[in-house]
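K.L.:
Make a model of this:
(one chain, ligands or ions: 1)
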Amino acid sequence: MAIQWFPGHMAKARREVTEKLKMVDIVFELVDARIPVSSANPMLQEIIRHKKRLILLNKADMADPEWTKQWIQFFSEKNHKAIAINSQEGKGLNHIVKSAQELLQEERERRKAKGIKPRAIRAMIIGIPNVGKSTLINRLAKKNIAKTGNTPGVTRGQQWIKVGKDLELLDTPGILWPKFEHEETGYKLALTGAIKDSLLNMQDIAVFALRFLQKHYPERLKRRYRLDAIPDGIVELFDHIGKMRGCLISGGEVDYEKTAEAVIMDMRMQKLGALTLDRPEDIIDQDP
Ligand SMILES: Nc1nc2c(ncn2[C@@H]2O[C@H](COP(=O)(O)OP(=O)(O)OP(=O)(O)O)[C@@H](O)[C@H]2O)c(=O)[nH]1
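P.N.:
Residues are numbered from 1 along each chain as shown. You can find the predicted model right below:
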């Protein structure tokens, strides 16, 4: 799905999410494990107010496992529960219900004390485009989609998915947009495939990617592009990669646009391995 950057769309999405939120006990915030903060929606906290939130670091298979651990720790220090999942292969999904139950423990006990019969937890998934919402819903749904029109407090016609006996999930996710305040966030969103290429300059994205690799994964950069040493200048690096990959214009000069595309594709296709682009130490003014 293409992101459309119109205030009208954003306001509508916000309204829809706010409306659906009334029906659930907890929000499953789906983020990309490679960019747990850049793929989060800045309005979410404000919209969900006092609702409980479980952060799901999806696509964990594509993220650096060491940094995924650090991110879980980082969120925990901020009093947020986060778990790593891979919706495509269904990994980690069995922890979702347990984590939700833990987060809602107090409410559940309060109800029990009042003599209210326990019921399944109601949840909805919220996330930015392409983060894997449908994949997760389909994984959890299997064949358990149930139409509930007559459950008290549940909007008529809304589809709920029964996940075991303890969880009911709204079948339509809430889509919210990523923040786009920092240039870096845009590059990271582009590199993980969350936004359309045409929104950004490919060479800028590739420069960001190469600089990032040079700083955080120099050995992988060298291995992928057969470099003995990483040149200081970005033009030299482009020249080397362009020649190696045959990204040339007639006359034999390096085609920088094609080279940029090759680097971006390599990152997306995991040719440089599983990597994490957001680092807790980079998060200064963004409160997750
Ligand atoms: N490697 C990997 N890919 C995943 C995972 N989850 C989803 N994907 C892929 O990510 C892409 C987007 O997934 P969707 O489920 O369509 O994402 P969405 O959030 O519903 O997207 P919108 O409909 O645009 O809002 C698809 O190609 C999925 O196969 C995962 O855990 N690991």
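K.L.:
Which single residue in the stretch 151-288 of the chain comes nearest to the ligand?
P.N.:
Of all residues in the stretch 151-288 of the chain, residue 175 sits closest to the ligand, at 5.2 Å by C-beta to the nearest ligand atom. Where C-beta positions appear, they are placed from N, C-alpha and C, glycine not excepted.
K.L.:
Can you tell me who that residue pairs with across the strands?
P.N.:
For residue 175, the beta-bridge partners are residue 127 (DSSP bridges).
K.L.:
Let the chain start at 27 from now.
P.N.:
Right, with 27 as the first residue, what we last looked at is residue 201.
K.L.:
For it, which residues are in contact?
P.N.:
By C-beta atoms under 8 Å, 6 or more residues apart in numbering, residue 201 lies in contact with 27, 39, 43, 152-155, 159.
K.L.:
okay, now residue 262: neighbour count?
P.N.:
By the measure other C-beta atoms under 10 Å, the count of residues near residue 262 is 11.
K.L.:
other SSEs contacting the strand or helix carrying it?
P.N.:
In the assignment (DSSP states H and E), residue 262 maps to helix 260-271. Helix 260-271 is packed against helix 228-242, helix 282-294, with contacts defined by 3 or more C-beta pairs under 8 Å, 6 or more residues apart in numbering; DSSP states H and E.
K.L.:
which residues are contacting it?
P.N.:
Applying C-beta under 8 Å, 6+ apart, the contact partners of helix 260-271 are 232-233, 236-237, 240, 251-253, 256-257, 273-274, 280-282, 284-286, 288-289.
K.L.:
Which positions in the stretch 27-176 of the chain make contact with the ligand?
P.N.:
27, 84-85, 87-88, 112-114, 153, 155-161 (C-beta under 6 Å from any ligand atom).
K.L.:
most distant residue from the middle of this protein?
P.N.:
Relative to the C-alpha centroid of the chain, counting by C-alpha atoms, centre = their mean, residue 277 is the outermost residue, at 42.5 Å.
K.L.:
who's in contact with that residue?
P.N.:
Taking C-beta under 8 Å, 6+ apart, one finds nothing in contact with residue 277.
K.L.:
what kind of secondary structure is it in?
P.N.:
On the three-state scheme (DSSP: H, G, I helix; E, B strand; the rest coil), residue 277 is labelled coil.
K.L.:
the strands in the stretch 27-176 of the chain, which residues?
P.N.:
Along the stretch 27-176 of the chain, counting by DSSP state E, counting those that start in this stretch, strands occupy 52-58, 78-84, 107-110, 147-153, 171-173.
K.L.:
Low-confidence stretches in the stretch 177-314 of the chain?
P.N.:
By pLDDT under 70, the low-scoring segments of the stretch 177-314 of the chain are 177-184, 224, 310-314.
K.L.:
which parts of it sit against the ligand?
P.N.:
Going by C-beta under 6 Å from any ligand atom, the residues of the stretch 177-314 of the chain near the ligand are residue 201.
K.L.:
8 Å - rerun?
P.N.:
Applying C-beta under 8 Å from any ligand atom, one finds that the stretch 177-314 of the chain approaches the ligand through 199, 201, 219.
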